[in-house]
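> What follows is a predicted structure for the sequence shown.
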Amino acid sequence: DHGTSVSELVMDVAPKAALYIANPQSPATLRDTVEWMVSEGVVVINHSMGWLWDGPGDGTSQRSDSPLNTVNYAVQNGITWINGVGNERKSTWFGTFTDYDGDSVLNFDVDTNSNYVQLVEGEAFTLQLRWNDSWENPSTNLNLYLYPYGSTIEQSVAKSVGLQSGAQGQLPTEILSYTPQQSGRYSFAVVGRSGQKPAWLQLQAYTSQAFAFYTSGYSISNPSESNNTGMLAVGSASITNPFLINPNSARGPTPDGRTKPDIVGPDGVDTASRSVWKGTSQAAPHVAGLAALVKERFPDFTPAHVVGYLKSFADPRDEVPNNTWGYGFARLPFLPPAPPVGFDATIVDTGISLSWSEPLADGGMPIAGYLVSGTPGSLATSTNASRLSVVFQGLSEDVNYEFEVLAVNVEGNSAAVSLKMYLSGNEVIVGSENVSLPESSHVLGLGLPSVGEQALRGVSRLVLVLGSSFIVACALLMLATDKSRKN
């Protein structure tokens, strides 16, 4: 139901979006999925999930199948990537390797060299560690241990003891997983085996269990830590109080000091498929829907343009950007409407009827009406929002006329749509503003309905990637979720 609800939220915001759904089970299949989405013409991806760290925290990775590099590939191919920043604010610890008592075990506090977490019977726990070192040949060797609270490292129930000795191909990371047979408190510890103490190290419960000692910053997930300007990392705030950040919403900075999240969206929305739920998995599809609307209104925008547009119109919180709200709470501005579509002319008993269809976008405000004008002569009139045609009488034969129609709302006027025409006997010959007359015109016989140029209605194309049990794809967004790691 997580993925279904995420899909529902996107459609609530961008109801004309077409959905594609996929189910990547690994970073490699995520890349395969995105390559397919690129071939299908997808332009926005929503990814409401996270993956294990696979880079040094600067938004890059040497792994070809890294989600960070998949984000880069998507953006290079015109896709705006929206990612839930994660819910690990209370599940992350970041700091220096401090050893007050000289036992080579990290001190999380002056009086303790272990941290602890409450685990639930049958629920998996995955703990990841990375530190500041070379990602080609790391020379600081750290080990990671998990053991029942009150016991010792020697009684560990899970451990990660990979070797970091400066050899090529080693990585400065350790990962352990454990599914407890009974609920209870468990301790975890980091032991320095050899090499210099790292300038920083970072621990995170990939499965989101809260730590006893946590640092609210430095909790950004992968690939939300990407440095790509065509990606938005989304935090979450309450829909009932959009000035109240979700206490679990991950916060920056990144290990290399960049501000994250980029923007914040709403959570706590009541959905038909899942009732009320919270987290950045819910905030991200709201923002993805906004991105779809931006791309629909401004089809020439690059991913960086879409990201910049959403940042610039976000409702700021404190001095922006900051590591809680990014550029603020996501919203779209009210705009003048898009131009009317399908502007055409026919002969009727009382004169020449000019007709059109409603704009593809109303700018967020109701259409108030339309203004129609023409030359030569002082030809001008207006209509209300429900009237999509006007009739002009007394037009002369063999005179080239040019008419314009524009839509109006309280924010202003749309761009004008032009129509060139002239009368020849019982026929009206119509051409567009960019086509000369009469060579590229079409002829409408007396009393026949308009069959002039048809405007292409823009359809937002959405891709959803759902890691729970299936993948939904559509042609302007991609949504991703996962049972083990829902952002």
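Noted; the coordinates are in hand.
> Quick test: name the residue nearest the centre of the chain.
Within the chain, one residue has its C-alpha closest to the average C-alpha position: by C-alpha atoms, centre = their mean, that is Ile82, at 1.9 Å.
> I'd say it and Ala292 touch.
No. The pair Ile82 and Ala292 fails to qualify as a contact (C-beta atoms under 8 Å) at a distance of 9.5 Å. Placement of C-beta: from N, CA and C, glycine included.
> does the residue nearest to the centre of the chain sit in a helix, a strand or a coil?
Going by DSSP: H, G, I helix; E, B strand; the rest coil, the secondary structure assigned to Ile82 is strand.
> Then the one 5 residues further on?
Reduced to three states with three-state DSSP, the structure at Asn87 is coil.
> which residue sits closest to Leu232, ignoring its sequence neighbours?
In space, Leu232 comes closest to Asp262 once its chain neighbours are excluded; the distance is 4.7 Å by C-beta to C-beta, 6 or more residues apart in numbering.
> Okay, and the beta partners of the residue nearest to the centre of the chain?
Residues in a beta bridge with Ile82, per DSSP bridges, are Asn46, Leu232.
> wait, what's in contact with it?
Residues in contact with Ile82 (C-beta atoms under 8 Å, 6 or more residues apart in numbering) are 44-47, 231-232, 234, 284-285, 287-288, 291, 477.
> From Val234, how far out is it?
When distance is defined by C-beta to C-beta, to the nearest Å, Ile82 is 6 Å away from Val234.
> Quick check: neighbours shared by the two?
Here Ile82 and Val234 share the contacting residues 284, 287, scored by C-beta under 8 Å, 6+ apart.
> before we move on, back to that, tell me the spacing between the residue nearest to the centre of the chain and Ile352.
Distance of Ile82 to Ile352, given as C-beta to C-beta: 48 Å.
> just Thr126 next, same as before
Look at Thr126 and Ile352: by C-beta to C-beta, they are 71 Å apart.
> Could you do Asn69 as well?
Asn69 is 59 Å from Ile352, where distance means C-beta to C-beta.
> Also Leu310?
For Leu310, the distance to Ile352 (C-beta to C-beta) stands at 44 Å.
> More neighbours: which of those two?
Neighbour count, other C-beta atoms under 10 Å: between Leu310 and Ile352, Leu310 has more, with 25 against 20.
> And the more buried one, its phi and psi?
According to degrees, to the nearest 10, the main-chain angles of Leu310 amount to phi -70, psi -40.
> residues contacting it?
When contacts are counted by C-beta under 8 Å, 6+ apart, Leu310 touches 232, 263, 287, 290-291, 294, 330, 332.
> now, among those residues, which is nearest to Ser224?
Distance from Ser224 was checked for each of the contacts of Leu310 by C-beta to C-beta. The minimum falls on Leu232, at 9.0 Å.
> so how many other residues sit close to the closest one?
With neighbours defined by other C-beta under 10 Å, the count for Leu232 comes to 31.
> in the stretch 51-200 of the chain, which spans are helices?
Assignment of helices within the stretch 51-200 of the chain using DSSP state H, counting those that start in this stretch yields the ranges 67-76.
> All the strands of it, residue numbers only.
Counting by DSSP state E, counting those that start in this stretch, the stretch 51-200 of the chain has these strands, from start to end: 80-84, 92-95, 115-119, 125-131, 141-148, 158-160, 173-178, 184-194.
> name the helices or strands packed onto the second one?
I take that to be strand 92-95. For strand 92-95, the helices and strands in contact under the criterion 3 or more C-beta pairs under 8 Å, 6 or more residues apart in numbering; DSSP states H and E are strand 201-205.
> Run the angle between the strand it packs on and strand 125-131 for me.
In terms of direction (axes from the mean of the first three to the mean of the last three C-alpha atoms, to 10 degrees), strand 201-205 departs from strand 125-131 by 170 degrees.
> what's in contact with strand 201-205?
Residues external to strand 201-205 that are found in contact with it (C-beta under 8 Å, 6+ apart): 53, 57, 88, 91-97, 106, 115, 117, 125-132, 142, 188, 190, 211, 218-219, 255.
> Can you list the strands that that strand pairs with?
Pairing partners of strand 201-205, with direction, according to DSSP bridges: strand 92-95 (antiparallel), strand 125-131 (antiparallel).
> Just name the most buried of those strands.
Comparing those by mean neighbour count (mean count of other C-beta atoms under 10 Å), strand 125-131 ranks first with a mean of 23.
> what mean pLDDT would you report for that strand?
Averaging pLDDT along strand 125-131 yields 98.
> quick one: that strand to strand 141-148, angle?
Taking the same axes, to 10 degrees, one finds strand 125-131 and strand 141-148 inclined to each other by 160 degrees.
> what about strand 125-131, distance to the chain center?
Taking the mean C-alpha point of strand 125-131 and that of its whole chain, the gap between them comes to 26 Å (C-alpha atoms, centre = their mean, to the nearest Å).
> again, but for stretch 54-64
Going by C-alpha atoms, centre = their mean, the spacing between the C-alpha centre of stretch 54-64 and its chain's C-alpha centre is 20 Å.
> Name the surrounding residues that touch it.
Stretch 54-64 is contacted from outside by 27, 66-69, 130, 132, 135-136, 172, 202, 222, 225-228, 254-256, 258, using C-beta under 8 Å, 6+ apart.
> Now the terminal residues of that stretch, how far apart.
Taking C-alpha to C-alpha, to the nearest Å as the measure, stretch 54-64 stretches 10 Å from start to finish.
> Quick check: buried residues in that stretch?
Neighbour-count burial for stretch 54-64, counted by 16 or more other C-beta atoms under 10 Å, picks out 54-61.
> Alright, calling it a day.
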